[in-house]
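> Need a 3D model of the sequence below.
(one chain, ligands or ions: 1)
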Amino acid sequence: MKLHDQGGRGHTIRDYYSASQLRMDRWSTLRETMESLQRAGPAGRSADKLARRAAELLEALAPIELYFAFPGAAAFEHMRRLLEARNIDDLSHVVRRVARALTSGAYRRRSIQLVGETGDNEDFEDESTLPVDARALGRPYFEVLVVDDVNEHHERFLKASLQRMRRVEDPFIYEAVVAPSVEDALIAVLFNPNIQAVVVRPGLSLKSRNKLDILKRYLDRVGDDETVDAMEPWDYGPELCRLIARIRPELDAYLITDRSVEEIAGLDLGLCRRVFYNQEDFLELHLNILRGVNRRYKTPFFSALKEYSKQPTGVFHAMPISRGKSISRSHWIQDMGAFYGPNIFLAETSATSGGLDSLLEPRGPIKEAQLAAARAFGSKQTFFATNGTSTCNKIVVQALVRPGDIVLVDRDCHKSHHYGLVLAGAQVVYLESYPLHEYSMYGAAPLSEIKGKLLELRAAGKLDRVRMVLLTNCTFDGIVYNVQRVMQECLAIKKDLVFLWDEAWFAFARFDPTYRERTAMEVANRLRQTLRTPEHAAAWKAQQEALRDADDQAWLDARLLAPPDARVRVYATQSTHKTLTALRQGSMIHVNDQDFKGEVEEAFHEAYMTHTSTSPNYQIIASLDVGRRQVELEGFEFVQRQIESAMAIRRAVADHPLLSKYFRVLSPADMIPERHRESGVTRYYDKERGWTDIWECWASDEFVLDPTRITLLVGATGWDGDTFKTKVLMDRYGIQINKTSRNTVLFMTNIGTTRSSVAYLIEVLVEIAKELDEVQDDASKMERLAFEKRVSSLIEHVPPLPDFSRFHDAFRSPGATPEGDLRAAFFLAYDEEMCDYVELDEKLLERLEGGEELVSAAFIIPYPPGFPILVPGQVISPQILRFMMALDVSEIHGFRPDLGLRVFNENALKSAEKTKSNGRS
Ligand SMILES: Cc1ncc(COP(=O)(O)O)c(C=O)c1O
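Numbering: from 1, shown residues only. Model prediction:
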């Protein structure tokens, strides 16, 4: 990347991950420069130098500011003129106002006077310090992008015309930004998160006159230069609507055109909500813009709940806390009322009447809220859940899997899947994820593994029983699948496979254009379209010809295409509460299944009833509704900021000499083997080369690393991950994290992560590193040796992670394929008589190495890594035993150190064999 885009304290864009941060930093640098200039006085060498610097900064800001309504073109011009006239005091005053209004968000609440009499030097209160009620009463602000290649005079006319339409009863307030071309409009929607609606007028042109690298980087992400170049001017408007739909599908677009109704009717207009034929009907446009934003703003259930809480109702149902009655009359629990405040109790109800709705049979506001969520997340149906994704996973599995159906699942999936598969009676094929031995964690299941297992089942004539592929995307540690490739290639082998993507950690992904490409719902929607095209049909036919009589290896090697008549059957479960705004346990199931209505709906309903409480928590449902509103209006901005924060941490650790001595952020190269990283991208940030453009690898690679999850290697501190988490981060600094491995800790950024929390984390890490340095300085030779030994044991002597061995034959169906009857084994272990305990020691290892077969009767789940290394019915291999013996973690679920490993005895295996053959006969 070229470095001509210079600005800020000698910073180049190479130093910045995000353009919006660059913009903010430039404004504060300009403010500082102006303050220095004021101090330096009007003349002299230092003043000249500072004035030149200010001019450079203004020039660097000029092309960026085009895309924002505030401070706006007129004010910007005014600042330039003040500088030319060396009116330092006035310019300084204006720049200060702009910088403050931008950081405090004051420009969203009121008009900030910048030209002419600007009033005294009043402080702009920071948005976040205002009382919550005051903020809730204010009218939300947004910006409307008008795309038209007009002169300055006409631009002023357009803005003024929209402003004149404002009415006191408008629920929102907006300002217009005018961009001349398709390219500018794309940059604007990527760059300016305030934009909520786009008005495309017939006069727009194609190319931007703005040639900055940072903007180009944004444009490249939209790609498709050739398509855009080949367009005729009358296509620009519709094409722009389609392109914006790919970047920010939540936006509303309004196309103003002079083409005929018939011509327009046949076009795909992306996110266009209305076509207007009268260019000057500003009132109609204004009302539509407000209505469009209001559609996203509306929270049917949250609003109904608020209304309900205002009604004076007598409570004669079993819920004493409702309306706070049991608290207000209490002498002993007043502090609870004081802590939570009255509203939560006013809203606590189990009534399905009074304008509320029932989660189990939604017909009113819950149904509407779910429909809105389906729109926001790109699904065909969305269901809310008030007890987490653990429950969502069980619902989907029960709804789709019948006893005996084969399910392929990554072995390191969340435990809810294992239990869900037990309950459903699935025949389970565990997929091996690639191991990361040096960090004691697993990656994800490679496509070759998934295809290999499917082909094995095909060869055994069992493909008709294969029902579902269940994968975790992204994994706890941030490994992200190439969802499109996985589904295409699996469907090529079995065209009606159902996919369940566990997106517990990935709800936010929909709101960034790059992440979105790897989400289940986006890919499902795209597959529905691609599979139908004649180009796809032809390509598939050609591939089938080429693969005629080919062996399995050829199928493994080919990049398979799904047949045109493949069914798109995709489910995603998301812990909304983990990555977006929702109360704990608020989750969603998104469905995009062509056969849902015909085949699944009833079973789904039953499964939903099986697992859903009849007393769902209304606050959780309301929070899901509000969380959906937030992402539809500011998900793009918040996710962008989250990525920025994560990138800032990555950079700080890499650049700081002391930090890099004890800590290292694991890079894509550390966490994804080279064969799965086709782009060759190894790291996101590098001290010498700066940022890598992550978009390239996200488009092509089999796996990518979610940069918002930061795995920090801490082995060099001499502490293992768990001790570092509890004894250092938590006890000493109050920093919470929730995952560790033997030598790593995982920091998760989220949409609430702020720049100051990032700064605090870095400060803490620096302090820890300094202390470690001091301890080392004063250490005796013995102490130093002991420290080195500890580090080497944590970094170099990590026990290798074991593979899944196999299900014992007593729990397998005939044939050589690997599926096993998890349920039979699970319930057999209920009978104490069928189980023994064996001590975990060298003697046992010798027995296993000598060929004895022992079969686990329990799930054994060590934390970390947090998933079963043994499941009921699985043969205990020497490798697994060695791993368990080397484990030095405090928590191993399913294992009783006082008793040993719970295994099946001879009788149990005989009984399982017998049950199996009875079942067959
Ligand atoms: C991959 C995965 N799926 C599902 C869950 C369960 O989600 P919830 O906590 O919402 O029940 C988790 C929880 O950590 C998870 O990591």
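
> Pick out the residue of this protein closest to the ligand.
residue 388 (2.5 Å; Cβ to the nearest ligand atom). No exception for glycine: its C-beta is placed from N, CA and C like everyone else's.

> Give me the phi and psi for the nearest residue to that residue once chain neighbours are set aside.
Nearest residue to residue 388, sequence neighbours excluded (Cβ to Cβ, 6 or more residues apart in numbering): residue 585, at 4.6 Å. Main-chain torsions, residue 585, degrees, to the nearest 10: phi 80, psi 0.

> try residue 468
phi -140, psi 150.

> Could you report the neighbour count for it?
22 (other Cβ atoms under 10 Å).

> ok, back up a step: list the contacts of the residue nearest to residue 388.
Listed by Cβ atoms under 8 Å, 6 or more residues apart in numbering, the contact set of residue 585 reads 385, 386, 387, 388, 577, 617, 620.

> Repeat that for residue 512.
Per Cβ under 8 Å, 6+ apart, neighbours of residue 512: 636, 639, 640, 643.

> Recalculate using a threshold of 10 Å.
Neighbour list for residue 512: 247, 248, 519, 635, 636, 638, 639, 640, 642, 643, 698, 708 [criterion: Cβ atoms under 10 Å, 6 or more residues apart in numbering].

> Any chance of these in TSV with pLDDT and distance to the ligand as columns?
Formatted as TSV, the contacts of residue 512 follow (pLDDT from 0 to 100; distance: Cβ to the nearest ligand atom, whole Å):
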residue	pLDDT	distance to the ligand
247	89	28
248	93	27
519	98	15
635	97	19
636	95	24
638	94	20
639	94	19
640	90	24
642	92	18
643	91	21
698	89	20
708	94	15
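
> and the protein, which residues reach the ligand?
The interface of the chain toward the ligand, taken as Cβ under 6 Å from any ligand atom, is made up of 388, 389, 390, 414, 416, 472, 476, 502, 504, 575, 587.

> can I get these in JSON lines with secondary structure, pLDDT and neighbour count?
Listed next are these as JSON lines, based on DSSP: H, G, I helix; E, B strand; the rest coil; pLDDT from 0 to 100; neighbours: other Cβ atoms under 10 Å:
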{"residue": "388", "secondary structure": "helix", "pLDDT": "96", "neighbour count": "20"}
{"residue": "389", "secondary structure": "helix", "pLDDT": "97", "neighbour count": "29"}
{"residue": "390", "secondary structure": "helix", "pLDDT": "95", "neighbour count": "20"}
{"residue": "414", "secondary structure": "coil", "pLDDT": "93", "neighbour count": "22"}
{"residue": "416", "secondary structure": "helix", "pLDDT": "94", "neighbour count": "19"}
{"residue": "472", "secondary structure": "strand", "pLDDT": "97", "neighbour count": "25"}
{"residue": "476", "secondary structure": "coil", "pLDDT": "93", "neighbour count": "22"}
{"residue": "502", "secondary structure": "strand", "pLDDT": "98", "neighbour count": "28"}
{"residue": "504", "secondary structure": "coil", "pLDDT": "96", "neighbour count": "28"}
{"residue": "575", "secondary structure": "coil", "pLDDT": "97", "neighbour count": "25"}
{"residue": "587", "secondary structure": "strand", "pLDDT": "98", "neighbour count": "27"}
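
> which pair in these spans the largest distance?
476 and 587 (16.1 Å; Cβ to Cβ).

> on that earlier part again, tell me the one of the contacts of residue 512 nearest residue 33?
Nearest member of the contacts of residue 512 to residue 33, counting by Cβ to Cβ, is residue 640, at 27.0 Å.

> Touching, the closest one and residue 193? I think so.
Yes: at 6.7 Å, residue 640 counts as touching residue 193 under the criterion of Cβ atoms under 10 Å.

> which residues do the two both contact?
By Cβ under 10 Å, 6+ apart, residue 640 and residue 193 have these common neighbours: 20, 634.

> Tell me where the stretch 251-400 of the chain has helices.
Secondary structure of the stretch 251-400 of the chain (DSSP state H, counting those that start in this stretch): helices at 261-265, 282-297, 300-310, 325-328, 334-340, 343-346, 365-377, 388-400.

> which of those helices is buried the deepest?
Most buried of the helices of the stretch 251-400 of the chain by mean neighbour count (mean count of other Cβ atoms under 10 Å) is helix 388-400; its value is a mean of 25.

> which element follows it toward the C-terminus?
strand 406-410 (DSSP states H and E).

> Report all helices and strands that that next one contacts.
helix 388-400, helix 415-424, strand 427-431, helix 447-459, strand 466-472, strand 498-502 (3 or more Cβ pairs under 10 Å, 6 or more residues apart in numbering; DSSP states H and E).

> can you state the direction angle for it and strand 427-431?
30 degrees (axes from the mean of the first three to the mean of the last three Cα atoms, to 10 degrees).

> how far is strand 406-410 from where the chain is centred?
Distance of strand 406-410 from the chain centroid (Cα atoms, centre = their mean, to the nearest Å) equals 24 Å.

> Can you give me the neighbour number for residue 515?
Residue 515: 22 neighbours (other Cβ under 10 Å).

> Number the chain from 741, please
Will do, 741 is the new start, and the previous item becomes residue 1255.

> tally of neighbours for the residue nearest to it when sequence neighbours are not counted?
Leaving aside its sequence neighbours, residue 1255 sits nearest to residue 1249 (Cβ to Cβ, 6+ apart; 3.8 Å). Per other Cβ under 10 Å, the neighbour tally for residue 1249 reads 26.

> In a helix, residue 1249, correct?
Yes: with DSSP: H, G, I helix; E, B strand; the rest coil as the criterion, residue 1249 is assigned to a helix.

> list the contacts for it?
Going by Cβ under 10 Å, 6+ apart, residue 1249 touches 1213-1214, 1220, 1243, 1255-1262, 1314, 1319, 1375, 1379, 1446, 1448.

> Out of those residues, list just those in strands.
Among those, the members falling in strands (DSSP state E) are 1220, 1314.

> Narrow the contacts of residue 1249 to those in helices?
Counted as lying in helices by DSSP state H, out of those, are 1255, 1256, 1260, 1261, 1262, 1319, 1375, 1379.

> No further questions, thank you.
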